[in-house]
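Q: Build me a model:
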Amino acid sequence: MSDAANTPTPPATPASDAMEEVSEQPTMPLEMPLASDEERESLERVRKFLLVVHRGLLQAERTRYEKVRGRIDNNSAFLQLVINDPFFDWLRPMAQLVLLIDERSTDKKSPLGSAEARSLYDRARMLLRADAEGDAFQRLYFQALQHSPDLAVLTRQVAGALAK
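A: Have a look, this model is predicted:
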């Protein structure tokens with residue numbers, strides 16, 4: 001008789017027992033610091049500035065659009081153009097960032113973390129920089145400022161307020 005035949009084999013462990021062993025092990029919770037009141041206030045402030053500039057950009061682009069393609073009948077028609085016409089596509093990053101800030105600031109299931117608040121704030125500040133050499137949004141934003149003195153003044157006021 002061989003030794004292998006005489007060697008006892010350990011009893012099979014049911015799968016549920018193995019699962020219990022895994023689930024009984026302590027897990028390390030991944031806790032990130034929540035956004036402070038100051039970080040939330042800063043983010044809300046930059047969000048408001050984004051809205052002000054976005055409104056100014058919409059008005060400037062409406063004027064430019066009407067010069068090229070004719071008068072827009074009403075605000076409802078204008079809204080449809082903003083949503084559907086490629087002429088206005090470049091404005092979407094600003095609107096999307098405002099929506100993201102709104103969503104993250106009000107999410108009760110997954111509260112806004114400190115690092116995320118700072119990241120959103122930095123993204124907003126970058127987006128508010130018109131740059132002839134920057135990304136597509138920044139270049140078109142720069143061009144819009146060149147065509148609209150009112151928008152240029154507004155943007156300067158916002159930049160000044162953010163610097164405080």
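
Q: Residue 141 contacts residue 130, doesn't it?
A: Yes - Residue 141 is in contact with residue 130 according to C-beta atoms under 8 Å; the separation is 4.3 Å. Yep, even glycine has a C-beta here, placed from its N, CA and C like the rest.

Q: So for these two, which sits in the more crowded spot?
A: residue 141 (25 against 21; other C-beta atoms under 10 Å).

Q: Which helix or strand contains that one?
A: Following DSSP states H and E, one finds residue 141 within helix 136-147.

Q: who does the helix or strand just after that helix touch, helix- and strand-wise?
A: Where DSSP H and E defines the elements, the next helix or strand beyond helix 136-147 is helix 149-163. Under the contact criterion of 3 or more C-beta pairs under 8 Å, 6 or more residues apart in numbering; DSSP states H and E, helix 149-163 touches helix 37-69, helix 136-147.

Q: I figured residue 158 hits residue 52, correct?
A: Yes - contact status for residue 158 versus residue 52: in contact at 6.4 Å, counting by C-beta under 8 Å.

Q: and the two? which has more neighbours close in?
A: Comparing residue 158 with residue 52 by other C-beta under 10 Å, the one with more neighbours is residue 158, at 18 against 15.

Q: Now that one: closest residue in space, sequence neighbours ignored.
A: Excluding its sequence neighbours, the residue lying closest to residue 158 (C-beta to C-beta, 6 or more residues apart in numbering) is residue 49, at 4.7 Å.

Q: tell me the contacts of the one you found?
A: 124, 128, 158, 161, 162 (C-beta atoms under 8 Å, 6 or more residues apart in numbering).

Q: who wins for neighbours among those residues?
A: That'd be residue 124 among the contacts of residue 49, by other C-beta under 10 Å, with 23 neighbours.

Q: In which helix or strand does it reside?
A: Going by DSSP H and E, residue 124 is in helix 114-127.

Q: elements contacting that helix?
A: Checking 3+ C-beta pairs under 8 Å, 6+ apart, helix 114-127 ends up next to helix 37-69, helix 92-106.

Q: Buried ones in the shortest one, by neighbour count?
A: So the one you mean is helix 92-106. The neighbour-count check on helix 92-106 (16 or more other C-beta atoms under 10 Å) flags 93, 94, 95, 97, 98, 101, 104, 105 as buried.
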